[in-house]
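Chemist: Okay, predicted coordinates and the sequence, questions at the end:
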Amino acid sequence: MTDTINTDTNSKQKLKEDYFTASQAQLIWTRFKKQKAAMVGAFVLAVMILSGFFAPFLTPYDPTIAGRNANYQNGAPQIPKFWDENGFSVRPFIYTYERSRSIKSNFRWVTKIDRQQRRYVVLFPEGDKYKFLGINFTTHLFGLDKGKIHIFGTDSTGKDILSRTFHAVNTSLAVGTIGVFIAFFLALIIGGIAGFYGGWIDSVLQMITDAIKTIPAIPLFMAIAAFIPDTWSSETRFLFISVILGLIGWTTLARRIRTHLLTERGQEYVLAATLCGASPAHIIRRHLLPSFTSYIIVDLVISFPYMVLSETALSFIGLGLKDPVNSLGVMLQSVTSADVLLNYQWYFIPVLFFITLVLAFVFVGDGLRDAADPYSDTRK
């Protein structure tokens, strides 16, 4: 009995020592792991980021016009099967189909399925060429022994919706990443200078911040879109949209950094660094900002869904990215017609990916915000 009590005491003592010697990152991770919703969101987010990054390999076809299936336009999803009335198969398969238009169908596509002819799913087939990390590849994760398979169906031009969706997630995340880091860089500089120096410098920078914050985003982008040349390439338009999102998205984080530095600049450790001859840039970079690191990281994560939402909204209304670039906003443009709602419901599959991506970011951001708060445990 005495040994058990001593073991429990030693264990509690060790946990207490670990707590007081743990780094800030370790404490945040420990609190974050206790939140199930945040952990689920982190797992889903990691899967979606990896799926977007490895989209050329994971998807069977080129998502652009070059990879369309001209014989299967507005085609329904093709779900692989393992058995039917003809028996069981170890390899998943789909049926052979034949599509045609006629007066009887009002010139809509009509699919005739031959249930006697199977086409089998194969792993690692050779297919459309793609470039990954600067190297050309032709191997994909899956495909068919003959013909094409469209698990999410196809759009009006015959492009594979599965391939387009995975590439769209990658594009939207890339736009969000560039925009967030541009906003982060501007917020650190402007917020740091305003918070450290104060006075008239702070007043001028705050007037600039307020002026940018009051600019309505949609009219701004409408004005910019009117001056974008049609000759711009997809890559140029992509970079331009990313930069603009970053240039108007830094104001909130800059205000938070300014407020924190105004509070901390009078502390004794800042005075000690000043008396030792440290420059203002050194004090901000090595002393003030590290004390605010956890909140900056949380703000960056929370900013991601807003950047993705902005890109999606702009592309959705035709002011952002356009075909042949695949982004979630570009894909959502095709779900606005009544014909799609009534006849081609699989067009809404990218909408589910978009909702999942935003919710995952929100759950992770909320979890990090609570984990970074040192008083979160005392409130519960």
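Modeler: It's in.
Chemist: low-scoring stretches of the stretch 51-200 of the chain, by residue?
Modeler: Scanning the stretch 51-200 of the chain with the threshold set as pLDDT under 70 gives 100-109.
Chemist: What segments of it are helices?
Modeler: Ranges of helices in the stretch 51-200 of the chain, per DSSP state H, counting those that start in this stretch, are 55-58, 161-197, 199-213.
Chemist: Kindly reformat those helices as JSON lines containing mean neighbour count and distance to residue 34.
Modeler: C-beta: built from backbone N, CA, C; applies to glycine. What follows is the helices of the stretch 51-200 of the chain, written out as JSON lines (neighbours: other CB atoms under 10 Å; distance: least, CB to CB, whole Å):
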{"stretch": "helix 55-58", "mean neighbour count": "19", "distance to residue 34": "32"}
{"stretch": "helix 161-197", "mean neighbour count": "22", "distance to residue 34": "27"}
{"stretch": "helix 199-213", "mean neighbour count": "13", "distance to residue 34": "35"}
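Chemist: Identify whichever of those lies nearest to residue 236.
Modeler: Closest to residue 236 of these, according to CB to CB: helix 161-197, at 13.4 Å.
Chemist: Ok, which of the helices of the stretch 51-200 of the chain comes nearest residue 97?
Modeler: Across the helices of the stretch 51-200 of the chain, closest to residue 97 is helix 161-197 (CB to CB), at 16.8 Å.
Chemist: Any idea what residue 81 is bridged to?
Modeler: residue 93 (DSSP bridges).
Chemist: Residue 61 versus that one, what's the distance?
Modeler: 21 Å (CB to CB, to the nearest Å).
Chemist: Which one's more surrounded, those two?
Modeler: Legend: neighbour count by other CB atoms under 10 Å for residue 81 and residue 61, higher for residue 61 (23 against 14).
Chemist: Assess the claim that that one and residue 161 are in contact.
Modeler: No - in this structure, residue 61 is not within contact of residue 161 by CB atoms under 8 Å, at 10.4 Å.
Chemist: which residues touch the residue nearest the centre of the chain?
Modeler: Centroid check for the chain by CA atoms, centre = their mean gives residue 173 as the closest residue, at 3.6 Å. Going by CB atoms under 8 Å, 6 or more residues apart in numbering, residue 173 touches 49, 52, 304, 308, 357.
Chemist: just those now: which is nearest residue 32?
Modeler: Relative to residue 32, and with distances defined as CB to CB, the nearest of those is residue 304, at 16.5 Å.
Chemist: How is this structure divided into domains?
Modeler: For the chain, automatic domain parsing gives the domain ranges 68-158, 164-379.
Chemist: got the contact list for the helix or strand that residue 365 is a member of?
Modeler: With secondary structure defined by DSSP states H and E, residue 365 is part of helix 349-372. Residues from elsewhere that reach helix 349-372, judged by CB under 8 Å, 6+ apart: 28-29, 31-32, 35, 37-42, 44-45, 48, 152-153, 161, 164-165, 168-169, 172-173, 294-295, 297-298, 301-302, 304-305, 308-309, 312, 328, 331-332, 335, 376.
Chemist: Tell me, how many residues neighbour residue 361?
Modeler: 25.
Chemist: Same question for residue 44.
Modeler: Neighbour number of residue 44 under other CB under 10 Å is 17.
Chemist: Please identify the helix or strand for it.
Modeler: Residue 44 belongs to helix 36-53, assigned by DSSP H and E.
Chemist: shaky segments in the stretch 251-380 of the chain?
Modeler: Looking at the stretch 251-380 of the chain by pLDDT under 70, you get 317-319, 373-380.
Chemist: of all the helices of the stretch 51-200 of the chain, which lies closest to residue 316?
Modeler: Distance to residue 316, taken as CB to CB, is lowest for helix 161-197 among the helices of the stretch 51-200 of the chain, at 11.5 Å.
Chemist: and the angle from that closest one to helix 349-372?
Modeler: Using axes from the mean of the first three to the mean of the last three CA atoms, to 10 degrees, the direction of helix 161-197 lies 30 degrees away from that of helix 349-372.
Chemist: any chance you could map the strands in the stretch 201-350 of the chain?
Modeler: Counting by DSSP state E, counting those that start in this stretch, the stretch 201-350 of the chain has no strands at all.
Chemist: just the helices in it please.
Modeler: According to DSSP H, counting those that start in this stretch, the helices that the stretch 201-350 of the chain contains are 217-227, 234-247, 251-264, 268-275, 280-283, 293-316, 328-332, 338-343, 349-372.
Chemist: Which stretch among these is buried most, on average?
Modeler: helix 328-332 (a mean of 26; mean count of other CB atoms under 10 Å).
Chemist: okay, that helix in PDB with CA atoms only?
Modeler: What follows is helix 328-332, C-alpha atoms only, in PDB (Å, rounded to 0.1, in the frame of the first residue of the first chain):
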ATOM      1  CA  LEU A 328     -13.400  25.600 -55.700                       C
ATOM      2  CA  GLY A 329     -14.900  29.000 -56.800                       C
ATOM      3  CA  VAL A 330     -14.600  28.100 -60.400                       C
ATOM      4  CA  MET A 331     -16.300  24.800 -59.900                       C
ATOM      5  CA  LEU A 332     -19.100  26.300 -57.900                       C
END
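Chemist: So what touches that helix?
Modeler: The contact list for helix 328-332 (CB under 8 Å, 6+ apart) reads 164-165, 168-169, 171-172, 308, 311-316, 320-323, 350-351, 353-354, 357.
Chemist: for the helices of the stretch 51-200 of the chain, which one sits closest to residue 75?
Modeler: Per CB to CB, nearest to residue 75 of the helices of the stretch 51-200 of the chain: helix 161-197, 9.3 Å.
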